[in-house]
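Asker: Here is a sequence together with a model predicted from it:
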Amino acid sequence: MSEIAQDSDLREVADQASAQARTFLSTLTRVASGSIPGAELSLLLLATSDLLAVGARLAAIVDVVPAERYEPDAGPETDMDPLRIALSQLMDGFDDYLEVSDPMLGEEVGPASLSGDLACVAEAVAKGLQHYDTGHELEALWWWQFSYFSLWGERAASALRVLQSVLAHLRLDVDDDVAAEAEYDALHA
């Protein structure tokens, strides 16, 4: 039997979170496999944005508190190293970046990697899915909400910024001759 009543608003949030977590993990896996050349960055941008929208919804609701004060065993941890390594190889040349560690506490800059961020997010949402899939929907919501604030929300937001920045550079950083030719073609089409 489900932990959350069928008519509960939490049911809708849990169902949306699980669906978006699955989409994010599926997209990440497809991108890491190299099966969608040319669309990798755009798909990652979309999947990460959509997942962050779910995170924002989780942040907007009151704190989810499971009935039990302990976390049930969700099963073995998912090993994200192969995914992280595959993403790192795919993103060779723009994987590593610098970020402000905590903009609320100071200006300290530290190293980060896009592949590490995405694998971290994947691990956190996958753990929530393990709870959800074993019928512990309330525990899954608690985990997604807690880990959104403590881990994956920040990592996903950083990844989103890097993905957007990389795409902007790819689209806007063109030679003047290429831009002029494209402008000419557009005006005379």
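Answerer: Received the coordinates, thanks. Residues are numbered from 1 along each chain as shown.
Asker: residues contacting the nearest residue to residue 151 once chain neighbours are set aside?
Answerer: Once flanking residues are discounted, residue 151 sits nearest to residue 124: 5.5 Å by CB to CB, 6 or more residues apart in numbering. The way it works is simple: take the backbone N, C-alpha and C, and place the C-beta from them, glycine included. Residue 124 sits next to 143-144, 147, 151-152 when contact means CB atoms under 8 Å, 6 or more residues apart in numbering.
Asker: Ramachandran angles for the residue nearest to the spatial centre of the chain?
Answerer: The structure's the chain has its C-alpha centroid closest to residue 48; by CA atoms, centre = their mean the separation is 3.9 Å. Main-chain dihedrals, residue 48, degrees, to the nearest 10: phi -70, psi -40.
Asker: same check, this time on residue 97
Answerer: phi -150, psi 170.
Asker: Mind pulling up the pLDDT for it?
Answerer: Model confidence at residue 97, given as pLDDT, is 95.
Asker: who touches it in this structure?
Answerer: Here residue 97 is in contact with 111-114, 162 (CB under 8 Å, 6+ apart).
Asker: For the helix or strand where residue 24 lies, buried residues please.
Answerer: In the assignment (DSSP states H and E), residue 24 maps to helix 9-33. Neighbour counts using 16 or more other CB atoms under 10 Å place 10-11, 13-14, 17-18, 20-21, 24-25, 27-28, 31-32 of helix 9-33 among the buried residues.
Asker: Same question for stretch 56-76.
Answerer: For stretch 56-76, by 16+ other CB under 10 Å, it's 57-58, 64, 66, 74.
Asker: cool, and stretch 142-162?
Answerer: Buried-residue list, stretch 142-162, by 16+ other CB under 10 Å: 142-148, 152-160, 162.
Asker: Stretch 182-189 too?
Answerer: Result for stretch 182-189 [16+ other CB under 10 Å]: no buried residues.
Asker: Kindly report the same for stretch 45-55.
Answerer: Across stretch 45-55, burial judged by 16+ other CB under 10 Å covers 45, 47-48, 50-52, 54-55.
Asker: okay, it in PDB with CA atoms only?
Answerer: Extracted as PDB, the C-alpha positions of stretch 45-55 are listed here (Å, rounded to 0.1, in the frame of the first residue of the first chain):
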ATOM      1  CA  LEU A  45      20.400  21.700 -20.600                       C
ATOM      2  CA  LEU A  46      16.700  20.700 -20.900                       C
ATOM      3  CA  ALA A  47      16.900  17.700 -18.600                       C
ATOM      4  CA  THR A  48      18.800  19.700 -15.900                       C
ATOM      5  CA  SER A  49      16.400  22.600 -16.200                       C
ATOM      6  CA  ASP A  50      13.400  20.400 -15.900                       C
ATOM      7  CA  LEU A  51      14.800  18.600 -12.800                       C
ATOM      8  CA  LEU A  52      15.600  22.000 -11.200                       C
ATOM      9  CA  ALA A  53      11.900  23.000 -11.700                       C
ATOM     10  CA  VAL A  54      10.900  19.900  -9.700                       C
ATOM     11  CA  GLY A  55      13.500  20.900  -7.100                       C
END
